[in-house]
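Undergrad: Predicted model, plus sequence, below.
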Amino acid sequence: MIRFCPIASGSSGNCVYVGSENTHLLVDAGLSGKRIENALSQINVSNLTGILITHEHSDHVSGAGILSRRFNLPIYATPKTWRYFLRHGTIGNVAEEFQKIIEPNETLTIGDIDVLPFDIPHDASQPVGYNLRCREFKAAVATDIGYVTDTIRNLLRDVNVLLIESNHDIEMLQNGRYPRMLKERVMGSRGHLSNVATGALLAEIASDVCQHVFLGHLSEENNRPMIALDTVSSVLEANEIHINKLTVADRHEPSEMVVIE
């Protein structure tokens, strides 16, 4: 069994719960510690096992240090991400025993969940996405992606539940009030996936085993949930691809808890 619930997903904060009967993980903790605690209570999760960090940007880590200190939780991050944390004090003091270093493309086991971090192209120190497996069940979290690599395609192809970035509507971004440099950053090879790019990726990797896809990390300025959903759905329909369930992860509240068993 694997349980999956986006606690919040958007440019203002990101946190995803992934767990089994015995192991309870967060992928990112980009909300206040109190908000994450309240959300976990809402979805009936207690006794966290650890926190997996994708990269050091504040919308992914702002509550990580607080939770680690409060509940003696290990924080897992890549070597360069940890180097950034220690140099800049981004997440505050974390006990050395809870500073867990992970290597991209090397599987580690936490409880009964096998965790495979994988490289993603983004403007951070050493960013990763996560593929998580409990027995034969798989989940994945993949956001903050400048462009889709073969590694990303391969690791998302046979997951049962997925949170994938659908960050911006291209026209909204191009015609919006962001300064030119920021627009270029978002659309660049180390930026974010557009709705169209996400639809194209899902059309490539969709399979019968995938039961639920959440569109996540939507820009508050340059996207809307219905625009993201309609655009991705249109790309899928044009390619005659059906996904069992396609929804948008909520920006501020826990989304649906998906249980795969």
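TA: Yes, it's here.

Undergrad: Which parts of the stretch 151-261 of the chain are strands?
TA: Counting by DSSP state E, counting those that start in this stretch, one finds strands in the stretch 151-261 of the chain at the ranges 161-165, 212-216, 246-248, 258-260.

Undergrad: Please verify my assumption that Ala140 contacts Asn154.
TA: No. In this structure, Ala140 is not within contact of Asn154 by Cβ atoms under 8 Å, at 11.2 Å. No exception for glycine: its C-beta is placed from N, CA and C like everyone else's.

Undergrad: more neighbours, the two?
TA: More crowded of Ala140 and Asn154, by other Cβ atoms under 10 Å: Ala140, with 26 against 12.

Undergrad: And the strands of the stretch 151-261 of the chain: which comes nearest Arg190?
TA: strand 161-165 (13.2 Å; Cβ to Cβ).

Undergrad: partner strands of that closest one, parallel or antiparallel?
TA: Within its sheet, strand 161-165 is paired with strand 137-142 (parallel), strand 212-216 (parallel), according to DSSP bridges.

Undergrad: pLDDT (mean, whole number) over the last one?
TA: To tie it back to what came earlier, the one meant is strand 212-216. Mean pLDDT, computed over strand 212-216, is 98.

Undergrad: can you check the longest one too?
TA: If you average the pLDDT over strand 137-142, you get 98.

Undergrad: starting at the chain centroid, how far to it?
TA: How far strand 137-142 lies from its chain's middle: 9 Å, per Cα atoms, centre = their mean, to the nearest Å.

Undergrad: Can I get that strand in CSV, CA atoms only?
TA: The C-alpha coordinates for strand 137-142 follow below in CSV (Å, rounded to 0.1, in the frame of the first residue of the first chain):
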residue,chain,number,x,y,z
PHE,A,137,3.2,0.4,-5.6
LYS,A,138,4.9,3.6,-6.8
ALA,A,139,4.4,7.3,-6.4
ALA,A,140,6.4,10.3,-7.7
VAL,A,141,6.8,14.0,-7.0
ALA,A,142,8.3,16.0,-9.9
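
Undergrad: which residues touch it?
TA: 1-2, 4, 16, 18, 27-28, 54, 120, 129-133, 152, 155-156, 158-165, 260-261 (Cβ atoms under 8 Å, 6 or more residues apart in numbering).
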